[in-house]
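Student: After the sequence you'll find the predicted model.
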Protein chains: 2
Amino acid sequence: MNHEDAFLPINLAQSEPYRWQGVSEHVYKADGDVSSFKDVTRRKLFIDPEKSGIELRYFEIAPTGHTTLEKHDHIHLVIPIRGAGSCLVDNKLIKLEINDVVHVPSWAWHQFRASDDDHLGFLCLVTCERDRPTLPTKEDLEILKKDPSVADFIRAHQIS
Amino acid sequence: MNHEDAFLPINLAQSEPYRWQGVSEHVYKADGDVSSFKDVTRRKLFIDPEKSGIELRYFEIAPTGHTTLEKHDHIHLVIPIRGAGSCLVDNKLIKLEINDVVHVPSWAWHQFRASDDDHLGFLCLVTCERDRPTLPTKEDLEILKKDPSVADFIRAHQIS
């Protein structure tokens, strides 16, 4: 289980758009397969393990970049707030608009991609307690790629 | 405890800005003291009582309107996404900017107000399980109003 320290500012204001005062930029994934994603940063906006169990992050993908294609038990609630992009959730391709709400259900394959000429920034809500992601096997990728539009969308290195 | 039915769309897209497909507008509070708030609507965007325990709502306050001055055990995480306004959290007055993150801690008095000439729309995250709000007594209001800027800000009818 992932369980980070509490971070509970009352007023987390921005110093400039999409940058919050005192909030550091992190690499998307400090461990794991760095070839599974491209040009993604992560910011921790709220972590409340004790009271609500809610954690809020902001991810930003540079043009042509993408997150890791993965799945896990915990859910995501994603709200795009900057730029343009699209995502795969399960076998569904979704064009993202600012302030849409995307739910990644438990064990649904998912990947987020920025457009070729704009950043994609999104809020991502999770529970503080959550499991580690699973990456696709060769067989998983073969199944996903049976849909030509999904095959064209995904950016993935198989793990076995 | 408040516990609503699950609402878990994978792709909750907007039909127009700040209006989501298939999501109804509700009155801010169906019960309680209707004189405690002014010109506020509520939309339910995500309700997941089983898996994550997370609920996401969108509130919109018309110009000059305000939410109820109240406090409760459960916390709020608030992200303004439309217009302009300000809020009181505890004894702190906060000018709101789009994509700021405001945390209303447990038992902190809080009230949100739209500006005089613009709407204020904000996402509000809560746990699905939560207690009912407490309204201020005459004594509570007297204490809050010792700070002249707070006295000037709040819009409240005492309950006793």
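Tutor: Sure, I can see it.

Student: tilt between the longest strand along chain A and strand B:54-66?
Tutor: Looking across chain A with DSSP state E, the single longest strand is strand A:54-66. For strand A:54-66 against strand B:54-66, the angle by axes from the mean of the first three to the mean of the last three CA atoms, to 10 degrees is 100 degrees.

Student: what's strand A:54-66 packed up against?
Tutor: With contacts defined as 3 or more CB pairs under 8 Å, 6 or more residues apart in numbering or on different chains; DSSP states H and E, strand A:54-66 has these neighbours: strand A:38-48, strand A:110-114, strand A:120-127, strand B:120-127. Placement of C-beta: from N, CA and C, glycine included.

Student: any chance of those in a markdown table, plus mean neighbour count and mean pLDDT?
Tutor: Output for those, formatted as a markdown table (neighbours: other CB atoms under 10 Å in any protein chain shown; pLDDT from 0 to 100):
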| stretch | mean neighbour count | mean pLDDT |
| --- | --- | --- |
| strand A:38-48 | 18 | 97 |
| strand A:110-114 | 24 | 98 |
| strand A:120-127 | 23 | 98 |
| strand B:120-127 | 22 | 98 |
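
Student: Let me have these in CSV, extended by distance to B:Asp39.
Tutor: Shown next, in CSV, are the helices and strands packed on strand A:54-66 (distance: least, CB to CB, whole Å):
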stretch, distance to B:Asp39
strand A:38-48, 28
strand A:110-114, 36
strand A:120-127, 27
strand B:120-127, 10
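
Student: tell me which helix or strand of chain A sits lowest on mean pLDDT?
Tutor: Across the helices and strands of chain A, mean pLDDT, DSSP states H and E gives its lowest value to strand A:26-27, namely a mean of 90.

Student: Paired strands for it, with orientation please.
Tutor: Take DSSP bridges as the rule and strand A:26-27 pairs in its sheet with strand A:38-48 (antiparallel).

Student: Pull the partner strand out as PDB, backbone CA atoms only.
Tutor: The C-alpha coordinates for strand A:38-48 follow below in PDB (Å, rounded to 0.1, in the frame of the first residue of the first chain):
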ATOM      1  CA  LYS A  38       6.800  10.100 -21.600                       C
ATOM      2  CA  ASP A  39       7.100  13.700 -20.400                       C
ATOM      3  CA  VAL A  40       4.800  13.600 -17.400                       C
ATOM      4  CA  THR A  41       5.100  15.600 -14.200                       C
ATOM      5  CA  ARG A  42       3.200  15.200 -10.900                       C
ATOM      6  CA  ARG A  43       2.200  17.600  -8.100                       C
ATOM      7  CA  LYS A  44       0.700  16.700  -4.700                       C
ATOM      8  CA  LEU A  45      -2.100  19.100  -3.900                       C
ATOM      9  CA  PHE A  46      -3.800  17.400  -0.900                       C
ATOM     10  CA  ILE A  47      -3.200  14.300   1.100                       C
ATOM     11  CA  ASP A  48      -5.500  13.400   4.000                       C
END
